[in-house]
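> okay, predicted coordinates and the sequence, questions at the end:
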Amino acid sequence: METLNKVAKITLLFWLMKVVATTLGETLGDFISMTLNLGYTVGIAITLSFFLVVLLTQLSVKKYIPPLYWLVIIATTTLGTEISDFMDRTLHLGYALGSLLLVACLFTALFLWKRKYKNLEVYPIADRVKETYFWVAVLFSNSLGTAFGDFLSDNLNLGFLHGAIVTGLVILIVVTLHYFTKINRIVLFWTAFIFTRPFGATFGDFLTKPISMGGMNFSRLTSSLVCAAIIAVLLCVEYRRSRT
């Protein structure tokens, strides 16, 4: 009988870690493809390989292990950065069409999940097949969030900081709806989950892009290391919480 849980509990700490993880995914993804000049195809190969290794490890364990779970989250955000940039800059689909394609992929994954399990509840999860649906949806949502964030900052010319402010306001609205309305909690969760990604992506770009482009011109490697250090601290807090 499956009684164990494999995923993080949805708390304020979860959302803090998610935002930092999405920022890390953006800066690290750009570091691999741009700073190291490996390109998006090689970047996808590297990040996909890492994603598959940590995902298979996560699926094989029998309980929630915070460092492993969040490594998979970071892997989806980093791979999502490469997928979004590959669709726009290598396939020349543009961020608008790329976002629409990823929306279709996400809704397909959620539809198949809902059809099999009759719900989209994300906590607790112990069943391996259900967890697989969860991670597929996470990957598509993080890829979508990257493309949508770039659409806001580039196509709509909002810039990186204003793009982060817009997505941050959406998240704030979702939080308000969560506490003061009876709107379906699963709908609100996935809305917030999707929009934390463009928030982190645009904020990551704000940190690392040149000043002439509206960024702060910080090193991608330095920004990634700082984000990784913050996640490490938050992981210590999460690990202690999960042990109680």
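Good, I have the coordinates.

> name the helix or strand for the closest residue in space to residue 121 that isn't next to it in sequence, please.
Leaving aside its sequence neighbours, residue 121 sits nearest to residue 186 (C-beta to C-beta, 6 or more residues apart in numbering; 6.5 Å). Where C-beta positions appear, they are placed from N, C-alpha and C, glycine not excepted. Residue 186 is part of helix 185-208 when elements are defined by DSSP states H and E.

> re the thing from before, please report how far the residue nearest to residue 121 lies from residue 143.
Separation of residue 186 from residue 143 (C-beta to C-beta, to the nearest Å): 20 Å.

> now residue 113: which helix or strand?
Assigned by DSSP H and E, residue 113 belongs to helix 94-117.

> can I get that helix as CSV, trimmed to CA atoms?
Only the C-alpha atoms of helix 94-117 are listed here, as CSV (Å, rounded to 0.1, in the frame of the first residue of the first chain):
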residue,chain,number,x,y,z
GLY,A,94,9.2,33.4,-31.8
TYR,A,95,8.3,33.6,-28.1
ALA,A,96,4.5,34.1,-28.9
LEU,A,97,4.2,30.9,-30.9
GLY,A,98,6.6,29.0,-28.6
SER,A,99,4.4,30.0,-25.6
LEU,A,100,1.3,28.8,-27.4
LEU,A,101,2.9,25.4,-28.2
LEU,A,102,4.0,25.0,-24.6
VAL,A,103,0.6,26.0,-23.4
ALA,A,104,-0.8,23.2,-25.5
CYS,A,105,1.8,20.7,-24.2
LEU,A,106,1.0,21.7,-20.6
PHE,A,107,-2.7,21.4,-20.9
THR,A,108,-2.4,18.1,-22.7
ALA,A,109,-0.3,16.8,-19.8
LEU,A,110,-2.8,18.1,-17.2
PHE,A,111,-5.7,16.7,-19.2
LEU,A,112,-4.2,13.2,-19.3
TRP,A,113,-3.3,13.5,-15.6
LYS,A,114,-6.9,14.5,-14.7
ARG,A,115,-8.4,11.8,-16.9
LYS,A,116,-6.4,9.1,-15.1
TYR,A,117,-6.6,10.3,-11.5
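
> which elements pack onto that helix?
Contact here means 3 or more C-beta pairs under 8 Å, 6 or more residues apart in numbering; DSSP states H and E; on that basis helix 94-117 packs against helix 66-85, helix 128-150.

> same thing but 7 Å
Contacting helix 94-117 under the criterion 3 or more C-beta pairs under 7 Å, 6 or more residues apart in numbering; DSSP states H and E are the following elements: helix 128-150.

> so which elements touch the helix it packs on?
Contact here means 3+ C-beta pairs under 7 Å, 6+ apart; on that basis helix 128-150 packs against helix 12-30, helix 39-60, helix 66-85, helix 94-117, helix 185-208.

> how about the ones you listed, which one is nearest residue 179?
Judged by C-beta to C-beta, the one of the helices and strands packed on helix 128-150 that comes nearest to residue 179 is helix 185-208, at 10.1 Å.

> and whatever helix or strand comes next after the closest one, what's buried?
Sequence order places helix 220-243 as the next helix or strand after helix 185-208, per DSSP H and E. Within helix 220-243, the residues scored as buried using 16 or more other C-beta atoms under 10 Å are 220, 223, 224, 226, 227, 230, 231, 234, 235, 238.

> quick one: the first one and residue 31 touch, right?
Put plainly, it is residue 220. Yes. Using C-beta atoms under 7 Å, residue 220 is in contact with residue 31, at 4.0 Å.
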